[in-house]
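**Q** Mind looking at a prediction? Sequence and model below.
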Amino acid sequence: MIPSYLFWLPRTFFRCLSLLLVLSLTVSCAATAAQPTDGSYSYKSPSSDGIGKVYYGREIANVMGYQGANWLARPSRATEERSDMAVDALMLNKDDVVADIGAGLGYISFQLARWVKEGKVVAVDVQPEMLALLEAERDKYNVSNIETVLGTESDPNLPAESIDMAVMFDAYHEFAYPEEMMTGIVKALRPGGQVVLAEYRAENPLVLIKKHHKMTQKQVKKELTAAGLSWIKTDDRLPQQHLMFFEKPTSTLKQADT
Ligand SMILES: C[S@@+](CC[C@H](N)C(=O)[O-])C[C@H]1O[C@@H](n2cnc3c(N)ncnc32)[C@H](O)[C@@H]1O
């Protein structure tokens, strides 16, 4: 006679097996939930200086709040960054329209305005408080060729083909929607117009800036060429930042060639 516990063995075995299956399914669902994707973006738990949103393998940095605006106007900045040399390198024409995207309180916008005396600077930012600081300074010194535009996280709010150049100084790495922002910027550029990025060098550990507030050249190229721009050159004259030049192709034919 077969002992009764032997009848229970297969049942117990199958119960354990199905329990294991349910458990592994739950674990794999939980893993997927921790890594959701959202078009070109994926997500991870945020680093101390990042937002936990990932674009082309790069975690996007958190936005520098207007409460820290004084840092942008610190007296040592002129020698640390030599933005005078960066603005020289742009080779602007005096009647150019140049958009300063992520303008902050206008540290760069005011320098640009001196070059485009017959053109204008369009200073774009998402923080109205930053733009208010810029406007107060502009009005105090009667600077007539700087306009401000309040953008959104995903749209610079610029009309199509209205600008000759877009510059982003220490700003692009903070864009929460870089893909959408670049689509808007490329649309706003005239054919042949340029995009210039100044980003702290992530390749250099001696550049003492938070990790996600720096970028490598390789990463910048990856993200901006994905926006349909062509890399022209990287200017190495700045002490701590890459100054990278990109161009909007003059025709769709050229775009297809590149
Ligand atoms: C570190 S500050 C640099 C400001 C300025 N370019 C400078 O060099 O002084 C970065 C600025 O980018 C702005 N910003 C972040 N995301 C933005 C977006 N999607 N569109 C426009 N501005 C943005 C922030 O509000 C902040 O003022």
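**A** Everything's here; your move.
**Q** What count of nearby residues applies to the closest residue to Gln240 other than its chain neighbours?
**A** Closest residue to Gln240 apart from its sequence neighbours, by Cβ to Cβ, 6 or more residues apart in numbering: Val207 at 5.0 Å. Backbone N, C-alpha and C define where each C-beta goes, glycine included. By other Cβ atoms under 10 Å, the residues close to Val207 number 14.
**Q** Equivalent analysis for Ala69, please.
**A** Ala69: 17 surrounding residues under other Cβ under 10 Å.
**Q** who touches Asn93 in this structure?
**A** By Cβ atoms under 8 Å, 6 or more residues apart in numbering, Asn93 lies in contact with Val116, Gly119, Asp164.
**Q** Out of the residues you listed, list just those in strands.
**A** Among those, the members falling in strands are Asp164 (criterion: DSSP state E).
**Q** Let me know the closest of the contacts of Asn93 to the ligand.
**A** The closest of these to the ligand turns out to be Val116 (Cβ to the nearest ligand atom; 16.6 Å).
**Q** Now do the nearest residue to that closest one once chain neighbours are set aside against Lys210, distance only.
**A** Closest residue in space to Val116, ignoring its immediate chain neighbours: Asp96 at 4.9 Å, by Cβ to Cβ, 6+ apart. According to Cβ to Cβ, to the nearest Å, Asp96 stands 33 Å off from Lys210.
**Q** Surely the residue nearest to Val116 is in contact with Lys117?
**A** No - the criterion here is Cβ atoms under 8 Å, and Asp96 misses it with Lys117 at 10.1 Å.
**Q** Pick out whichever of those two has more residues nearby.
**A** Per other Cβ under 10 Å, whichever of Asp96 and Lys117 has more neighbours is Asp96, with 20 against 11.
**Q** where in this structure is pLDDT low?
**A** Within the chain, the set of residues satisfying pLDDT under 70 comprises 1-36, 252-258.
**Q** Taking the centroid of it, which residue is nearest it?
**A** Centroid-nearest residue in the chain, with Cα atoms, centre = their mean: Tyr172, separated by 2.7 Å.
**Q** Could you grab the helix/strand/coil label for the closest residue to it other than its chain neighbours?
**A** Of all residues not flanking Tyr172 in the chain, Leu197 sits nearest, at 5.5 Å (Cβ to Cβ, 6+ apart). Three-state call for Leu197 (DSSP: H, G, I helix; E, B strand; the rest coil): strand.
**Q** Thanks a lot, catch you later.
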